[in-house]
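Colleague: Sequence and predicted structure below; questions after.
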Amino acid sequence: MPDGKPAGVRCVQLDGMNRCRLFGRPERPAVCLGLRPTPAMCGASRDQALAYLTALEIATAP
């Protein structure tokens, strides 16, 4: 996504299993490289993880 990923928009680099197609590649964006998952971020389910990421996007919106 040349101009960045807007909040609430699924990243175009996620495959059908929600895995990053750019993982480990030099063109992976710096923001993704700096994002380090923690137990609080991942939660106990996919829904909890998505809720955390949504809150993070809202908190960091311009």
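Modeller: Here it is on my side, so go on. The structure presented is a predicted model; accordingly, all values stated were derived computationally and were not measured. Numbering: from 1, shown residues only.
Colleague: ok, now how distant is the closest residue to residue 14 other than its chain neighbours from residue 33?
Modeller: For residue 14, ignoring the flanking residues on the chain, the nearest one in space by Cβ to Cβ, 6 or more residues apart in numbering is residue 20 at 6.4 Å. All C-beta spots, glycine's among them, are computed from the backbone N, C-alpha and C. Counting by Cβ to Cβ, to the nearest Å, the gap from residue 20 to residue 33 is 11 Å.
Colleague: Out of these two, name the residue with the larger neighbour count.
Modeller: Counted by other Cβ atoms under 10 Å, residue 20 and residue 33 do not tie: residue 20 has more neighbours, with 14 against 10.
Colleague: OK, contacts around that one?
Modeller: 11, 13-14, 28, 32 (Cβ atoms under 8 Å, 6 or more residues apart in numbering).
Colleague: For those residues, which single residue is the most surrounded?
Modeller: residue 13 (17 neighbours).
Colleague: and the longest helix seen in the chain, which residues are buried?
Modeller: Taking DSSP state H as the criterion, the chain has its longest helix at helix 46-59. Across helix 46-59, burial judged by 16 or more other Cβ atoms under 10 Å covers 49, 52.
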